[in-house]
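K.L.:
Below are the sequence and a predicted model for it; my questions follow.
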Amino acid sequence: MNTEAQRYFEDVEEGMELAPVTRTVTTTQMFLYSAVTRNAHRIHYEEKFAQSEGLPKVLVQGPLQGAQLSAYVTDWMGPQGFLRKFSYSNRGMALPGQPLTLRGKVRRKYLLDGQSAVDLEVWEESAEGQTLVPAQATVLLPSRAAS
Amino acid sequence: MKKPLPVPTPDTRPFWNGLNEGRVLLRHCRDCDCVFHYPRTVCPDCLSSDLGWRQASGTGTLYTYTVSRRPTHPLFADEVPQYLAVVELDEGPRLTSTLVNVPEANITIGMALEPVFERHDKERITLLRFQPANPELRGAQAATQSAPATSLLTEDSLASIGKTGEAIRGYPVSVEEIRRFCFATDDLNPRWLDPAASPDGITAPPAFLSIPFDTDVPLAELADDGVPLAQQGLVFPPLKARRKLFGGYQVEYFQPIRPGDVLTRQRRILDVHERQGASGSSVFVLIEATYTNQRGEKVAVEVNTIVNR
Amino acid sequence: MGLQGRAAIAGYVELKPEKNPQGEPLSGIQQWAQLAQLALRDAGIAKSEVDGLVTSAVPETGMFAPATLAEYLGIEVGFAEHVDLGGASAAGAVWRAAAAIELGIAEVVVCAFPAGPLPVPPEPKPHPFPFGASSNEYGSPQAEFDIPYGNLAQNCGYAQIANLYAARYGYDPRALAKIAVDQRTSACANPDALFYGKPLTIDDVLNSPLIADPIHLLEIVMPVAGGAAVVVTSAERAARARNRPVLVRGFGERLAFKTPTYARDLLQTPIASAARQAFAMAGRTPAQMDMASIYDCYTITVLMTLEDAGFCAKGEGARFVLEHDLSYRGDFPCNPHGGQLSFGQTGMAGGMHHVVDATRQIMRRAGANQVRDCNRAFVTGNGGIMSEQVVLILEGAA
């Protein structure tokens, strides 16, 4: 998925959809993510604790979902693209073992401070189609005209 | 998982539409002249399908109830103590509901009740709750529930806007830490992992930004839930809220992050504002963080939104 | 009408309840097979004689559970039932087995109810019942009219019954607490019970936290792992088996609602008509019972059952409890092994606890907990929120 050729500004059209990718966060991945973020919050690895906080089980780290969407965008834009802006919010919780699908759409292409920019709407949804993490990204893409 | 709301089916939709308009509709059987709830496609008295709708008074009496001191499901933890009621409408049918605007001591079986329509505008659903028909039994709670909820702000909350925290230096960005982050997020883009992939060598994935500031904390400085008791460089307004929820994140990147970079982060209270909703007051706190590198270049500016309840 | 007492329980197994079970978990199918093996061994009946089975839901096989079990056990059956009556399923299984035997369509029927922990699959799935006994599926009345109000979980329904009872007949919390205390006395003589060696007083119960008014923590069962099974066979075959045959003399089964909101009268439980039918079928009266094993998920369940089954008049339950010693050595032995309140509630096997409880007594295998001269037992199964009721009248062969 990371071997795609460079995406150029000219190749992008508004309304174009990004190829969906489905990922399942495992408790193993959650462990690694808690480790790299030095996050000892028991809500992410202790089922009984998570339940005492009113959750059905341990909760996937919200920023991990954000990072997955961020990577979804950087994969799409190609090696010379630059992620300029990114925002997301965690609207629904995600649980380990639950298939999560990342999707996206090109909203707008335009010039931002003289650079060719593309606005994307990306999101993570559950198998039931519920949007769990809505996100927006602005990427700078190389232009064929410039190269 | 969100707190479940009803999902109407074609045969029950008129009931829910009625509640949206502030009316309680009951199914009426034209064959045996009974009214019943919940709506069904056949009459539970005579199995006829010749059914219409009748508007009920909406008033009734308390058939039975309990006060649940433990949440009946984790999703209802915010409603504890739950006043779980069975209400008998004046027309006869019973329905499941909860009591609102009533102090516990005033609840008695047989008490007269009137409907409270609790609107969930976004989902276009109205839940039917009940309160004492006698306003004197509603107690002081009624005032706080029907009027806007009490503010969670203190005098100093708004004054804290613009306050900045101490500038903190993160640990140096390394190839190894980038790799660890990429593996944990399952992001195997060669740009972040393979020095040969790009003429400029390795860069960190954008989401790596805050990682150098996630520092290790001695066990004794972690609270019971595993979260550090104090965080370096944090600024936060004083509030009367009890729970913090992550509300959203936005970031603008200006420079790539590379191995060897040493980033500095400074936080600032960007905004504090309160919103009143159906479930009470929420205070939105926006914390901005500016990241610069060792050359003084601005690398990124991020804003975290924290919802306080 | 009804059974002629020509079918009998010939053997049983009840696993020791465990709060934190150790060892490798078995699948529901594997547990079923293990229970069948142990119960048949107890009866001294060969597997080759089995020609009927009754089960409740089997976690690994949402559909075709009986066929899957028959295949796994290597048996061909002429009678296969899947009973879906919650805590009343086990008692419901026993009368169905007895009926099949009296009809002559089966000779040896295994009724097994596993309740052990299940192995965690390599890729865990979301819990199949996120709202417990209330279905949140689209189109389910509970999803639409109960769950959004938080009206779910068993505690609140039973508490609503108890509060309504209090408003109509008055409520003596000490009498309700005494039910738990007397059963604890029995559990303290039963080393298998979860609360063996932990005596209890009325004040202990009343000082435990209120969970859903007026129900205290110690008036609620504690869920544990376990499993239980019985072998039902013809009276003739049972007479040639290893234990004293326990004849199934009468039964009654009633259900009319799922959510208590829709009960016609929440205080006239379905037990009343189920018990009436069972006693009439057996040709017995409540006074002729030597013991009772009453489904006791909550203390209020026992009180309501005592009244509605006719052991005392409506509204007199509290006085009845205070005037009698309900322990195994008392004048009205009720749940003489501790009941689910003190033995532990082994999930779907909890209903089978009461069947086994009575069987063990009538077979005179109850050891320290043996009720003297115990020949006739009143047994109940209770599913949902007093919404599904099964009554059995069991009697030892002469």
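P.N.:
That came in fine, so what should we check first? Bear in mind the structure is a predicted one, so any value in this text is a computation, not a measurement.

K.L.:
Tell me the residues of the stretch 51-200 of chain C that contact chain A?
P.N.:
By C-beta under 8 Å from any C-beta of the partner chain, the part of the stretch 51-200 of chain C that sits against chain A consists of C:123-127, C:130. From N, CA and C alone the C-beta is placed, and that goes for glycine too.

K.L.:
residue contacts, the residue of chain C at minimum distance from chain A?
P.N.:
Relative to chain A, the nearest point of chain C is residue C:124 (4.5 Å; C-beta to the nearest C-beta). Residues counted as contacts of residue C:124 (C-beta atoms under 8 Å, 6 or more residues apart in numbering or on different chains) are A:96-97.

K.L.:
Does residue C:241 touch residue C:42 like I think?
P.N.:
No - using C-beta atoms under 8 Å, residue C:241 is not in contact with residue C:42, being 9.2 Å away.

K.L.:
so what sits against both of the two?
P.N.:
What both residue C:241 and residue C:42 touch, as defined by C-beta under 8 Å, 6+ apart, is the set residue C:11.

K.L.:
Residue C:330 - how many residues pack around it?
P.N.:
15 (other C-beta atoms under 10 Å in any protein chain shown).

K.L.:
For it, which three-state class applies?
P.N.:
Following DSSP: H, G, I helix; E, B strand; the rest coil, the label given to residue C:330 is coil.

K.L.:
So for it, what's the nearest residue that isn't a sequence neighbour?
P.N.:
What sits nearest to residue C:330 in space, not counting adjacent residues and going by C-beta to C-beta, 6 or more residues apart in numbering or on different chains, is residue C:324, at 6.4 Å.

K.L.:
Just the C-alphas of the helix or strand of chain A with the lowest mean pLDDT, formatted as PDB.
P.N.:
Lowest mean confidence among the helices and strands of chain A (mean pLDDT, DSSP states H and E): helix A:47-52, at a mean of 86. Coordinates of each C-alpha in helix A:47-52 appear next as PDB, following Å, rounded to 0.1, in the frame of the first residue of the first chain:
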ATOM      1  CA  GLU A  47     -10.800  -5.000  30.800                       C
ATOM      2  CA  LYS A  48     -12.200  -4.800  34.400                       C
ATOM      3  CA  PHE A  49     -11.000  -1.300  34.800                       C
ATOM      4  CA  ALA A  50     -12.500  -0.300  31.400                       C
ATOM      5  CA  GLN A  51     -15.800  -1.800  32.500                       C
ATOM      6  CA  SER A  52     -15.700   0.100  35.700                       C
END
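
K.L.:
what about that helix, near chain C?
P.N.:
No - residues of helix A:47-52 contacting chain C under C-beta under 8 Å from any C-beta: none, with a closest distance of 10.6 Å.

K.L.:
Kindly report the residues of the stretch 151-300 of chain C close to chain B.
P.N.:
C:151-153, C:155-156, C:159-164, C:167, C:209-213, C:215, C:259-262, C:266.

K.L.:
Would you show me how to pick out the buried ones of these in PyMOL?
P.N.:
This is the PyMOL syntax for the buried subset of these, where burial follows 16 or more other C-beta atoms under 10 Å in any protein chain shown:
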select buried, chain C and resi 151+152+153+155+156+159+160+161+162+163+164+167+210+211+212+213+215+259+260+261+262+266
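
K.L.:
Okay, and which of the residues of the stretch 151-300 of chain C next to chain B map to helices?
P.N.:
Cross-referencing these against helices under DSSP state H gives C:155-156, C:159-164, C:167.

K.L.:
how about these, which pair is most distant?
P.N.:
The span of these, defined through C-beta to C-beta, is set by C:155 and C:167 at 18.7 Å.

K.L.:
now residue 84, nearest residue through space, not along the chain?
P.N.:
As the question left the chain open, I've gone with chain A. residue A:138 (4.7 Å).

K.L.:
try again with chain B
P.N.:
residue C:156 (4.8 Å).

K.L.:
Please list all residues in contact with the one you found.
P.N.:
Applying C-beta under 8 Å, 6+ apart, the residues contacting residue C:156 are B:66, B:68, B:72, B:82, B:84, C:212.

K.L.:
Leaving out the residues flanking it, which one is nearest to residue C:199?
P.N.:
Per C-beta to C-beta, 6+ apart, closest to residue C:199 is residue C:188, 5.6 Å.

K.L.:
Quick check: that neighbour touching residue C:181?
P.N.:
No - between residue C:188 and residue C:181 there is no contact under C-beta under 8 Å: 10.6 Å.

K.L.:
More neighbours: those two, which one.
P.N.:
residue C:181 (23 against 20).

K.L.:
name the element the more buried one belongs to?
P.N.:
helix C:173-187 (DSSP states H and E).

K.L.:
Show me which residues of that helix are buried.
P.N.:
Buried, per 16+ other C-beta under 10 Å, within helix C:173-187: C:173, C:175-187.

K.L.:
got the CA coordinates for it in PDB?
P.N.:
Taking Å, rounded to 0.1, in the frame of the first residue of the first chain, the C-alpha atoms of helix C:173-187 are listed here in PDB:
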ATOM      1  CA  PRO C 173     -36.800  -6.300  54.800                       C
ATOM      2  CA  ARG C 174     -35.800  -8.600  57.700                       C
ATOM      3  CA  ALA C 175     -38.000 -11.400  56.400                       C
ATOM      4  CA  LEU C 176     -36.500 -11.100  52.900                       C
ATOM      5  CA  ALA C 177     -33.000 -11.000  54.400                       C
ATOM      6  CA  LYS C 178     -33.800 -14.100  56.400                       C
ATOM      7  CA  ILE C 179     -34.300 -16.100  53.200                       C
ATOM      8  CA  ALA C 180     -30.700 -15.400  52.300                       C
ATOM      9  CA  VAL C 181     -29.500 -16.100  55.900                       C
ATOM     10  CA  ASP C 182     -31.300 -19.500  56.100                       C
ATOM     11  CA  GLN C 183     -29.900 -20.600  52.800                       C
ATOM     12  CA  ARG C 184     -26.400 -19.500  54.000                       C
ATOM     13  CA  THR C 185     -26.900 -21.800  57.000                       C
ATOM     14  CA  SER C 186     -27.400 -24.700  54.500                       C
ATOM     15  CA  ALA C 187     -24.400 -23.600  52.400                       C
END
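
K.L.:
how far out from the middle of the chain is the helix or strand just after it?
P.N.:
Next along the chain after helix C:173-187, taking DSSP H and E as the criterion, comes helix C:202-207. For helix C:202-207, the gap between its own C-alpha mean and the chain's C-alpha mean amounts to 25 Å (C-alpha atoms, centre = their mean, to the nearest Å).

K.L.:
Report all helices and strands that helix C:202-207 contacts.
P.N.:
Judged by 3 or more C-beta pairs under 8 Å, 6 or more residues apart in numbering or on different chains; DSSP states H and E, helix C:202-207 is in contact with helix C:173-187.

K.L.:
now for the helix it packs on, which elements pack on it?
P.N.:
helix C:202-207, helix C:299-308, helix C:317-323, helix C:339-343.
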